[in-house]
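Undergrad: Output the structure for:
(one chain, ligands or ions: 1)
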Amino acid sequence: MTFKSETSTVPSIVLNDGNVIPQLGFGVFQVPSEDVFSAVTTALEVGYRSIDTAAIYGNEEGTGRAIRESGLPRDEIYVTTKLWNAEQGYDSTLRAFDASLQRLGLDYLDLYLIHWPVAEADRFVDTFRAFQALKSHGRVRSIGVSNFTVANIQRLIAETGEIPVVNQVELHPRLAQRELREYHAGNAIATEAWSPLGQGTLLDERTISAVAAEVGRTPAQVIIRWHLQLGNIVIPKSVTPSRIAENFDVFGFELTPEQMDAINGLDAGARIGPDPDRFTYGLID
Ligand code: NAD
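TA: Below you'll find the model as predicted:
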């Protein structure tokens, strides 16, 4: 297999701790463990250099094996995983991190995220303190959050003195998260978009199809381009090799301000996934 050695087509986002993350990465949510090795291998062949997994996805082993067997230097691949809700708390976080790193077969992680705030459990502050300890020991380069509201982030910063580098949230043309993005931008937090294609539900939307016809690209490429031009970090998922390649081929065209506006007009505040204020799945007590 051949791996592209240059990744210069993908812009980097500089995080508030000085580390850099590729703006376009590859997500592996719902990719069964038996399929993840080939999906991640294909993504790395195509040129992706950032992989987003999570303990709860049950596919850290295959993800890590694809990374290790790619032959690429470890420092050329950006690896993110996430702490599951049930593991929140200081000591349990340290144990969960060790288990994730062991499953991945790596000796450090680039980015560790608190998967959901589960605010009613009142453990995300202790969890983030454990993240700070892991960072200070060099086991993870950057620490951030996922599915956090502004109120959650404000509390985290007030009580730990540390600003998370990213907040990974549901974000696509029907849930554009304008206010949250503005808060992030004003507080040096990078916005990372999950379900960036609306899990595929936006691909036959009329406005998207019209823009795709105008620029001679596919609907998925148009949506990914919309994210990139907004400044989002974006992590589309596919297990189909042609789509994995298609989703990476987004640097040879641009959307005009009018096309961006047309897509911005689709925002309906409509979630596909759970409401972060209510999601307590996996909570143990
Ligand atoms: P997505 O928006 O990336 O959509 C993926 C689906 O879109 C695929 O399963 C396929 O059906 C379709 N698709 C992808 N490319 C296509 C193409 N070129 N042409 C046609 N159809 C195409 O959805 P996602 O997987 O939910 O989100 C992406 C990543 O975000 C996940 O893999 C995961 O890493 C992350 N994520 C994080 C959270 C969180 O709570 N932090 C939640 C969900 C997802």
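
Undergrad: From now on I want contacts and neighbour counts done on CA atoms only, so please keep to that.
TA: Noted.

Undergrad: For the spatially closest residue to Glu87 that is not a sequence neighbour, list the residues it contacts.
TA: Closest residue to Glu87 apart from its sequence neighbours, by C-alpha to C-alpha, 6 or more residues apart in numbering: Thr93 at 5.7 Å. Thr93 sits next to 83, 87, 127, 130-131 when contact means C-alpha atoms under 8 Å, 6 or more residues apart in numbering.

Undergrad: Which parts of the chain are strands?
TA: For the chain, the strands defined by DSSP state E cover 12-14, 20-22, 26-27, 50-52, 78-83, 109-114, 140-146, 166-170, 190-194, 233-234.

Undergrad: Mind listing what's buried along the second one?
TA: This points to strand 20-22. For strand 20-22, a neighbour-count test (16 or more other C-alpha atoms under 10 Å) marks 21-22 as buried.

Undergrad: The residue nearest to Pro32 when sequence neighbours are not counted: how many residues sit nearby?
TA: Closest residue to Pro32 apart from its sequence neighbours, by C-alpha to C-alpha, 6+ apart: Asn59 at 6.7 Å. Neighbourhood size, Asn59 [other C-alpha atoms under 10 Å]: 23.

Undergrad: Was I right to think Asn59 contacts Thr53?
TA: Yes. Asn59 is in contact with Thr53 according to C-alpha atoms under 8 Å; the separation is 7.5 Å.

Undergrad: Contacts only, for the residue lying closest to Leu15 once chain neighbours are set aside.
TA: Once flanking residues are discounted, Leu15 sits nearest to Val165: 5.7 Å by C-alpha to C-alpha, 6+ apart. The neighbours of Val165, taking C-alpha under 8 Å, 6+ apart as the test, are 15-17, 142-145, 188-190.

Undergrad: re earlier: and the pLDDT at the residue nearest to Glu87?
TA: You'll see Thr93 listed with a pLDDT of 98.

Undergrad: What's the local residue count around Ala151?
TA: Burial of Ala151 is recorded as 8 neighbouring residues (other C-alpha under 10 Å).

Undergrad: Check the one 5 residues further on too.
TA: The local packing of Leu156 (other C-alpha under 10 Å) involves 21 other residues.
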